[in-house]
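Asks: Take a look and give me a structure for this.
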Amino acid sequence: MALWLLRSSPEPQDVISCNMVLRACCKASQWPRSMQLLGQFQPDATSLSTVAAALEDWELAVALLHDARGQAIQPNIVVYGAAAGRARGHWPVATALLAAAAQEGIGISKIAQSAVMSSHEAAGRWESTLLMLEGARRAHLEPDVVEFSSGVSASSRSWPVALEVLLEAKACGIQLDAVANNAAITAAGRGSCWPLALETLEQASAQGARTVRSFRAALAAIGSGGWQGALRLLSSMRQRAVTPDLECFNEVLLACASAGAWEVCTSTLQVMRASRCPPDLRAFGCSARSCGLGQAWQQAVALVEDMREHRLHDPDGSVWNAVAWAHQAAGVPVPAVPGWVQGDLRKEHTLLDFVRRRAQVNDLFAVLRAIEDFAESRKWLKVAGGRKAALLKGSLRPGDRVVEFGTYMGYSAMLMASRLRELGGGGRVVSCDVNAQTWPFARELLAWAGVGSSEVELKIGIAGDWLASGQLGEIDVLLLDHRGTVYQEDLKAAEPHLSRQARVLADNVLLPGAPLFLGFIAGRYDVAVHEVPEFRLPELQDWILTCVPTATALAPAADVRELRQWGDKVDEICWASLQGDVDWEKFQEDLAPALRSWSMRHGLPGPRWRHFSEAQRFAAGRLA
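Replies: Prediction:
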């Protein structure tokens, strides 16, 4: 209507009238017509800022700025701020726009600053977000709710920083929005500060800035302090007119699973159905896992029957993994993998057939050689052969009680068993893996090699659960060979079980990577970092670490923010590698310098290679 009136008027229209029409078009989400109208009169800075704020594409907003310069129009900070807001998903563009405004002497507005901070927050660049927050203070631009919210959200992965920003916002009387409150609650949970998480939730509720996601984050935080608190908070949600969603229930189930409260899990599943929130695979998996810690394997079997009755399928076997763990934790033989678990095990079958053709029964060394030969032409199989094997064997002593996390097909377990034989017998390897489907293959390979349960015992389940069960006993050698981004969590859980002569070996620290593990051991362990070529893949390097607890352990390094970001990237590329090919060499080119630099700054030795005899002397020297 406004555009029709403008066109039908016989009098030439001034810029004010045109700007009014532009605003009307933009409010109606008619930015293409706004762009057409710009070409029909001589626009000013107000015209540009109006259209820039309505554009859906940051490239058009930047092009608008270039056109303005060509027409000798001086864009104001509103135009730059609007363009930066359009570039929220492209922080380099938003930053360049703010820098260009400063270079032209336009100055910086709170709106423009907030737009750029939001772009950095969206990219997870919390360091630069906080630097801009500090820069706003120095420029006497008092941070507002948008900037504080960006700061809290961006730094939620680094909980001390996020909580510092949260407390500062409270001191300034700033009421954060729902997204920032959720981030603050999540950060408090990561720091095990669940009382602060609950306090933040209560304040958000009083301000009307809480959502079901707020409760979800609070349940995850409070669950770290015990399942009872999480259950109370869940029960209170209905009283606050908030309906729990599936993830809220699952957070409570996870807290109960960690405590072995299987009865509570079972009743919670019933509540979920009564609430018209049917349990999913994660809910059944947590419940079955709780049965393992509660020594209730029959209930785990009943859960599977319940799941099947409700036609919930588990083709990848995630729930069955927990059921198998419940059997073993109770000392009951693990039943065969049911037919409804349909994982793709063609690779494992191929390896087993290959070994049976190449190696004689009861010939352990022939089996190890056959697995190595198989790995040479199948890059999907990653084994600790070559120099890694020498290092692992050289770190063992007669009678060692070894615990390995990450069995897969059992190569490392058999390798260490062979070394313990060479050392005169005695000792034992306990190898744990979460995958109940590959466990039978490892068992078959060990049997073919003539390695009995007195030498190697295979267990199914999460490392932390086996440690919590107390069934692993005292540990002389701990081999971390599973998911690198959780090494630090499992080592922390294992520390009470380490013997006085304990050694910790960590494989795959560089390939695919275990960044946060470096932050955990710095200052607490005597460390040797061995850089070795990946077995049969000389173009790729890996680190294997030998760690011995120090006599007086210092506090772990506080500054692990960079490592946390790299940990996220490691998880991302590992997930991508399951879907298709990834460029590991390119990833190493980026990761290796970052880990080296961090290690040097925090007192860890530089990577080097030692032959196994030297590694053995290294360990023995620490134990003397």
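Asks: What are the buried residues along stretch 408-428?
Replies: Residues of stretch 408-428 classed as buried: 408-420, 427-428 (neighbour count, 16 or more other Cβ atoms under 10 Å). Using the backbone N, CA and C atoms, a C-beta is placed for each residue, glycine as well.
Asks: Hmm, I typed the wrong one, I wanted stretch 267-281.
Replies: T268, L269, M272, C277, P279.
Asks: and what of stretch 375-383?
Replies: The neighbour-count criterion (16+ other Cβ under 10 Å) identifies A375, L381, K382, V383 as the buried residues of stretch 375-383.
Asks: and of those, the nearest to T186?
Replies: Distance ranking of these against T186, using Cβ to Cβ, places K382 first at 33.4 Å.
Asks: Quick one: residues contacting that closest one.
Replies: When contacts are counted by Cβ atoms under 8 Å, 6 or more residues apart in numbering, K382 touches A375, N508, E534, F535.
Asks: What does it show for phi and psi?
Replies: Main-chain dihedrals, K382, degrees, to the nearest 10: phi -110, psi 110.
Asks: Could you do C432 as well?
Replies: Dihedral angles for C432 - degrees, to the nearest 10 - are phi -120, psi 140.
Asks: so what's it closest to, chain neighbours aside?
Replies: Taking Cβ to Cβ, 6 or more residues apart in numbering as the measure, C432 lies nearest to K459, with 4.5 Å between them; neighbours along the chain are not counted.
Asks: What does the one you found show for phi and psi?
Replies: Per degrees, to the nearest 10, the residue geometry at K459, taken as phi and psi, is phi -130, psi 150.
Asks: Please enumerate the strands of the stretch 401-550 of the chain.
Replies: Counting by DSSP state E, counting those that start in this stretch, the stretch 401-550 of the chain has these strands, from start to end: 401-405, 428-433, 456-460, 475-480, 498-506, 525-534, 537-549.
Asks: Out of the contacts of K382, list just those in helices.
Replies: When DSSP state H defines the helices, the subset of the contacts of K382 inside them is A375.
Asks: of the contacts of K382, closest to G317?
Replies: Taking Cβ to Cβ as the measure, G317 sits nearest to N508 out of those, at 23.5 Å.
Asks: these two touch, right, that closest one and T485?
Replies: No. With contact defined as Cβ atoms under 8 Å, N508 does not count as touching T485 (10.4 Å).
Asks: Common neighbours of the two, please.
Replies: Here N508 and T485 have A514 as joint contacts, going by Cβ under 8 Å, 6+ apart.
Asks: After the helix or strand where L231 lies, which helix or strand is next?
Replies: In the assignment (DSSP states H and E), L231 maps to helix 227-239. Proceeding C-terminally, helix 227-239 gives way to helix 246-259 as the next helix or strand, assigned by DSSP H and E.
Asks: which secondary structure elements does that next one contact?
Replies: In terms of contacts (3 or more Cβ pairs under 8 Å, 6 or more residues apart in numbering; DSSP states H and E), helix 246-259 is packed against helix 212-223, helix 227-239, helix 262-274, helix 281-293.
Asks: What's the mean pLDDT across it?
Replies: Model confidence over helix 246-259, given as mean pLDDT, is 91.
Asks: repeat for stretch 442-456
Replies: 97.
Asks: For it, buried residues please.
Replies: Residues of stretch 442-456 classed as buried: A442, R443, E444, L445, L446, W448, A449, V451, E455, V456 (neighbour count, 16+ other Cβ under 10 Å).
Asks: hang on, the earlier thing: which member of the buried residues of stretch 375-383 is positioned nearest R238?
Replies: Nearest to R238 among the buried residues of stretch 375-383 is K382, at 49.1 Å by Cβ to Cβ.
Asks: quick one on the thing from earlier: would CSV of the buried residues of stretch 442-456 with distance to D581 be doable?
Replies: Shown next, in CSV, are those (distance: Cβ to Cβ, whole Å):
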residue, distance to D581
A442, 26
R443, 31
E444, 29
L445, 27
L446, 31
W448, 32
A449, 32
V451, 34
E455, 37
V456, 33
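Asks: coming back round to it: how about the helices and strands packed on helix 246-259 in JSON lines, adding mean pLDDT and distance to L472?
Replies: Written out in JSON lines, the entries for those read as follows (pLDDT from 0 to 100; distance: least, Cβ to Cβ, whole Å):
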{"stretch": "helix 212-223", "mean pLDDT": "85", "distance to L472": "25"}
{"stretch": "helix 227-239", "mean pLDDT": "88", "distance to L472": "24"}
{"stretch": "helix 262-274", "mean pLDDT": "93", "distance to L472": "21"}
{"stretch": "helix 281-293", "mean pLDDT": "94", "distance to L472": "14"}
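Asks: wait, which of the ones you listed is closest to D481?
Replies: For D481, the closest of the helices and strands packed on helix 246-259 is helix 281-293, at 21.8 Å, according to Cβ to Cβ.
Asks: residues contacting F365?
Replies: In this structure, F365 makes contact with S418, judged by Cβ under 8 Å, 6+ apart.
Asks: Which segments of the protein make up each domain?
Replies: Partitioning the chain according to automatic domain parsing yields domains covering residues 1-123, 346-623.
Asks: hey, least reliable of those by pLDDT?
Replies: That would be domain 1-123, which, of all the domains of the chain, carries the lowest mean pLDDT at a mean of 57.
Asks: Indicate which one of the helices and strands packed on helix 246-259 is closest to V560.
Replies: Relative to V560, the nearest member of the helices and strands packed on helix 246-259 by Cβ to Cβ is helix 212-223, separated by 19.4 Å.
Asks: Taking helix 246-259 as reference, get the angle to that closest one.
Replies: Helix 212-223 and helix 246-259 are oriented at 0 degrees to each other (axes from the mean of the first three to the mean of the last three Cα atoms, to 10 degrees).
Asks: which parts of helix 212-223 are buried?
Replies: Judged by neighbour count (16+ other Cβ under 10 Å), helix 212-223 contains these buried residues: R213, S214, F215, R216, A217, A218, L219, A220, A221, I222, G223.
Asks: tell me which strands and helices the helix holding L231 is in contact with?
Replies: helix 212-223, helix 246-259, helix 262-274.
Asks: quick one, which of the ones you listed is nearest to L196?
Replies: With Cβ to Cβ as the criterion, L196 lies closest to helix 212-223 of these, at 8.5 Å.
Asks: what packs against the closest one?
Replies: Counting by 3+ Cβ pairs under 8 Å, 6+ apart, the packing neighbours recorded for helix 212-223 are helix 178-190, helix 194-206, helix 227-239, helix 246-259.
Asks: on that earlier part again, identify the residues contacting the helix holding L231?
Replies: When contacts are defined by Cβ under 8 Å, 6+ apart, helix 227-239 is touched by residues 194, 198, 215, 218-219, 222-223, 243-244, 248-249, 251-252, 255-256, 258-259, 261, 264, 268.
Asks: buried residues in it?
Replies: Judged by neighbour count using 16+ other Cβ under 10 Å, the buried positions of helix 227-239 are W227, G229, A230, L231, L233, L234, M237.
Asks: What is the nearest of those residues to L391?
Replies: Within the set of the buried residues of helix 227-239, W227 lies nearest L391; the separation is 41.6 Å, counting by Cβ to Cβ.
Asks: Not including adjacent chain positions, what is the nearest residue to the closest one?
Replies: Counting by Cβ to Cβ, 6+ apart, the nearest residue to W227 once its immediate chain neighbours are dropped is A255, at 4.0 Å.
Asks: ok, now H602?
Replies: Counting by Cβ to Cβ, 6+ apart, A522 is the residue found nearest to H602 once chain neighbours are left out, at 4.5 Å.
Asks: next one: R273
Replies: Nearest to R273 is P279, by Cβ to Cβ, 6+ apart, at 7.3 Å.
Asks: now the helices and strands packed on helix 227-239 in a markdown table, with distance to M307?
Replies: Formatted as a markdown table, the entries for the helices and strands packed on helix 227-239 read as follows, by distance: least, Cβ to Cβ, whole Å:
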| stretch | distance to M307 |
| --- | --- |
| helix 212-223 | 23 |
| helix 246-259 | 14 |
| helix 262-274 | 10 |
